[in-house]
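Participant: Starting from these lines, generate the structure:
(chains A and B)
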2 protein chains.
Amino acid sequence: MIAARALDGIPEIRAGDDLGALLRGRVADGDVLVVAHKAVSKAEGRVVALAGVVPGERARAIAAEQGRDDARHVQVVLDETAELMRAERGVLICRTRHGFVCANAGVDASNAEPGTLVLLPEDPDASARRLRAALGVRAGVVVADSFGRAWRHGQADVAIGAAGLAPLDDWRGRHDPHGRELKATWIAVADQAAAAADLARTKDSREPAVVVTGLERFVTDGDGPGARALIRPPEEDLFR
Amino acid sequence: MIAARALDGIPEIRAGDDLGALLRGRVADGDVLVVAHKAVSKAEGRVVALAGVVPGERARAIAAEQGRDDARHVQVVLDETAELMRAERGVLICRTRHGFVCANAGVDASNAEPGTLVLLPEDPDASARRLRAALGVRAGVVVADSFGRAWRHGQADVAIGAAGLAPLDDWRGRHDPHGRELKATWIAVADQAAAAADLARTKDSREPAVVVTGLERFVTDGDGPGARALIRPPEEDLFR
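Facilitator: Presented below is the predicted three-dimensional model:
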């Protein structure tokens, strides 16, 4: 059995807040702590005030072409983007500098102070490792964001950072009860933990942190490879 | 809080088994029952004996091109496929007749009797509706399968059928605590329920059914639109 429980009483996070100190004592050995990236990004000061952004030519051109009146916002997205993959109906699908493919490079205005945008953490795996160290227990940590998906409507939460949790559970080469090899079974544990955690809170509640129990078998001694291991290199990708 | 608990004592399912009768009494009002599609497919007789399959010219050509020695298996995949999207490194990425994009059109040999392949249910939403009716309680039902994803390694479980559960939770037009409109927030509830359930069982255990509690707010009186509502039409898809 697994359970996911949102932690109450976490205040609105601001730049410089010590998220680890806020969460210490709330997480036990064997737990997996899933934190919405926005809380991590805000604590790390990964927030941009739009008033200080000067949109460049490309941002202004894309904004005009997409019928958007927010060239500054587009500039911030471009600053976070390694490759702009699609620009259509006002949405920019980007490969971020980390290698994630998501809308607007993860730059988001919702749940941000008016006039500001929240970026993804600079290095979400490092964020997860720092948070894990601060917890002082043998727990896994996942930094989560809501991503749109190819082929399917809606968003599901995925892991953009992880530490102390096996991000993938590889059954390839193991066998089913009939002795047949499980050729393709390779479970995205960290993404599914993020998805389970997302169901345990509501989007308008101030509940950035969820504790998932029952995943002890995936919690590791070391930090492990992180969510970086979940990124499929474009040249290997058959699903797009 | 949500919790996901695999039901024990479910026997290996065979064609003609009454899955509803096996699960009745194990699910309460407000629960969401997530069933691995394989149990549903087997009960519905959606199993093909390879010995009876005659591969056609296209299946033999694809098998040869992909270095596969199982043209019969390829034929079964093609029979389930509306559009073959990619064929590379032995993997066929297909749009199924239902509209799902997945490897091998969901046709799978693992956890199947030797010499047989398990197909996806003919109409997984109808399967979910029938199962829901058989349960006799106000519960949601999800039929789940493990799908690979664009851009990311590993698989996550998604809903291929649903009844009595809002498949999507639409926050677009609602507001965050700062009063800012949540422009893109549209949560794939049924997919996340499937992902949470997948974490509650192990792949080699015979635990096809998982009960998820804590999602009462998404359980509906009627059957609702089903997992069909999660399919993004190709012409709207920016994520591939």
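
Participant: I'd say A:L165 and A:L215 touch.
Facilitator: Yes: taking Cβ atoms under 8 Å as the definition, A:L165 is a contact partner of A:L215 at 7.4 Å. Every residue, glycine included, has its C-beta placed from N, CA and C.

Participant: Now list whatever residues contact both of the two.
Facilitator: Common contact partners of A:L165 and A:L215 (Cβ atoms under 8 Å, 6 or more residues apart in numbering or on different chains): A:V32, A:G140, A:V189, A:A193.

Participant: ok, now which ones touch A:G222?
Facilitator: Per Cβ under 8 Å, 6+ apart, neighbours of A:G222: A:G164.

Participant: roughly how far apart are it and A:A133?
Facilitator: 12 Å (Cβ to Cβ, to the nearest Å).

Participant: cool, and A:L230?
Facilitator: From A:L230 across to A:A133, the span is 21 Å (Cβ to Cβ).

Participant: which one of these two has more residues nearby?
Facilitator: A:L230 (24 against 13; other Cβ atoms under 10 Å in any protein chain shown).

Participant: check contacts around the more buried one.
Facilitator: Residues counted as contacts of A:L230 (Cβ under 8 Å, 6+ apart) are A:V158, A:A159, A:P167, A:L168, A:A188, A:A190, A:D191, B:R152, B:H153, B:G154.

Participant: Can you classify the closest residue in space to the fourth one that isn't next to it in sequence as helix, strand or coil?
Facilitator: When you say that, I think you mean A:L168. Counting by Cβ to Cβ, 6 or more residues apart in numbering or on different chains, A:L168 lies nearest to B:G154, which is 4.7 Å off, once chain neighbours are set aside. For B:G154, the assignment made with DSSP: H, G, I helix; E, B strand; the rest coil gives strand.

Participant: okay but B:G154 is in contact with A:W186, surely?
Facilitator: Yes: with contact defined as Cβ under 8 Å, B:G154 reaches A:W186; the gap is 4.7 Å.

Participant: one step back: pick out whichever of the shared contacts of A:L165 and A:L215 sits closest to A:A61.
Facilitator: Taking Cβ to Cβ as the measure, A:A193 is the one of the shared contacts of A:L165 and A:L215 closest to A:A61, at 40.2 Å.

Participant: So A:R206 is in contact with A:E12, correct?
Facilitator: Yes: under the criterion of Cβ under 8 Å, A:R206 makes contact with A:E12 at 6.0 Å.

Participant: Of the two, give the one with the bigger neighbour count.
Facilitator: Set side by side, A:R206 and A:E12 show more neighbours around A:R206, with 17 against 13, by other Cβ under 10 Å.

Participant: In terms of pLDDT, where does that one sit?
Facilitator: Here the pLDDT value assigned to A:R206 is 78.

Participant: And A:D237, by the same measure?
Facilitator: Per-residue pLDDT puts A:D237 at 71.

Participant: That one: how many residues sit nearby?
Facilitator: 19.

Participant: From chain B, how far off is it?
Facilitator: 6 Å (Cβ to the nearest Cβ, to the nearest Å).

Participant: Next up, the contacts around that residue.
Facilitator: B:A150, B:W151.

Participant: element containing A:A194, please.
Facilitator: A:A194 belongs to helix A:189-199 when assigned by DSSP states H and E.

Participant: got the domain boundaries for chain A?
Facilitator: When chain A is parsed with automatic domain parsing, its domains come out as A:1-45+A:121-233, A:47-120.

Participant: Please identify the most buried of those domains.
Facilitator: For the domains of chain A, the largest average neighbour count (mean count of other Cβ atoms under 10 Å in any protein chain shown) is found in domain A:1-45+A:121-233, namely a mean of 21.

Participant: How far does it stretch from one end to the other?
Facilitator: 33 Å (Cα to Cα, to the nearest Å).

Participant: do stretch A:117-127 as well
Facilitator: Length of stretch A:117-127, first residue to last, Cα to Cα: 19 Å.

Participant: And for stretch A:46-65?
Facilitator: 28 Å.

Participant: contact partners of it?
Facilitator: A:15, A:41, A:68-76, A:78, A:84, A:87, A:92, A:112-113, A:115-122.
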